[in-house]
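S.K.: Any chance you could fold what I've pasted below:
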Amino acid sequence: MTSRQKAQWNDPGHDAPPETRLVTRESIAAAATMMLLPFDLLRRKSQRPLPRDPNQRTVVLIHGLFANPACFLPMRAWLAAGRRHRVLSFSWSPRDSAEVAARKLREFLRINVRGGRIDLVTHSMGGLIAEVFIEALGGDRRVDRCINLGTPHGGTWNAAWGLGHVHRDLRPNSKFIARLRERRKNSRRRVAFTAIVGDADNVVLPRLSAATRGRKIRVKDTGHLGLLWSPAVFRIVNRLLLVERAH
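M.R.: Numbers count the residues shown, from 1 in each chain. Modelled structure (predicted):
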């Protein structure tokens, strides 16, 4: 295989303008994510509550709106390959508001993570669910880190196209986003927040909305769903999870 052929294999739309390549990559990520979703049935059958262990550290993955835990399968496989992380997935319904889902998350962790410390890794609206859990429901007592991929911390104007209560909450001028901002101003939580932002994310608008909570890490040429498939993102998440935190 020639070097040109290798480049075309590794980069769909190699000869296309940069904007076209980005659209192509995000379209492939969207199609691949949709193909993964049915595999959540296998995850449900295999996931079990963890044994009681006050010394364990558990990574809990929280998906975004209109998705399920299967969208994290590529990242989960990457994390499992190093055999350093104990990983569980939390599932919530698109009919749930972030506040309802946060209460379900609290109950999920109570039942399934019996002891030890917790790190949360989220995508999109999953990060808002995690934030409500940490700031309003006492989640900071168990959580050390919250790593958010493409989370609209300040809302997104794309939600203006939706009609349900979840979309109303996600608008930048919503009462829900105002409550989040107020909690952040008064927060004294010790949880380390990190926002991983794709610089080609056209779901979170304005993109600055994804970088308003904690440390910001920008990933080049990556869209909203591309964050779930990017080896660069996997490496960043793995590195952040391996940093020791006092509690």
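
S.K.: ok, and for stretch 34-49, which residues are buried?
M.R.: By neighbour count on 16 or more other Cβ atoms under 10 Å, the buried set for stretch 34-49 is 36-37, 40, 43. Any C-beta I mention is one placed from the backbone N, CA and C, and that applies to glycine too.

S.K.: Now, those that are in strands?
M.R.: Among the buried residues of stretch 34-49, no member falls in strands (DSSP state E).

S.K.: Would you format the residues you listed as TSV with pLDDT and distance to residue 104 included?
M.R.: Conversion of the buried residues of stretch 34-49 to TSV gives the following (pLDDT from 0 to 100; distance: Cβ to Cβ, whole Å):
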residue	pLDDT	distance to residue 104
36	95	22
37	95	19
40	92	16
43	82	17
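
S.K.: Which residues are in contact with residue 244?
M.R.: Residues near residue 244 by Cβ atoms under 8 Å, 6 or more residues apart in numbering: none.

S.K.: Wait, a strand at it?
M.R.: No. Using DSSP: H, G, I helix; E, B strand; the rest coil, the assignment for residue 244 is coil, not a strand.

S.K.: what's the spacing between it and residue 80?
M.R.: 21 Å (Cβ to Cβ, to the nearest Å).

S.K.: out of the buried residues of stretch 34-49, which are inside helices?
M.R.: Within these, residues falling in helices by DSSP state H are 36, 40, 43.

S.K.: Where does the prediction get shaky in the protein?
M.R.: 1-17, 245-247 (pLDDT under 70).

S.K.: on that earlier part again, can you put the ones in helices among the buried residues of stretch 34-49 in JSON lines and add distance to residue 66?
M.R.: As requested, those are exported to JSON lines (distance: Cβ to Cβ, whole Å):
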{"residue": "36", "distance to residue 66": "13"}
{"residue": "40", "distance to residue 66": "13"}
{"residue": "43", "distance to residue 66": "17"}
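
S.K.: Not including adjacent chain positions, what is the nearest residue to residue 131?
M.R.: Excluding the flanking residues, the one nearest residue 131 by Cβ to Cβ, 6 or more residues apart in numbering is residue 180, at 6.4 Å.

S.K.: Then residue 105?
M.R.: residue 133 (5.0 Å).

S.K.: Repeat that for residue 128.
M.R.: Of all residues not flanking residue 128 in the chain, residue 98 sits nearest, at 4.5 Å (Cβ to Cβ, 6+ apart).

S.K.: give me the number of residues near that neighbour?
M.R.: Residue 98 sits with 24 neighbouring residues when counted by other Cβ atoms under 10 Å.

S.K.: rewinding a little: and of the ones in helices among the buried residues of stretch 34-49, the nearest to residue 226?
M.R.: Compare each of those with residue 226 using Cβ to Cβ and the shortest gap goes to residue 36, at 13.9 Å.

S.K.: Show me where this structure has its helices.
M.R.: Under DSSP H, the chain gives helices at 3-10, 18-36, 40-46, 73-81, 98-112, 126-136, 165-170, 175-186, 231-242.
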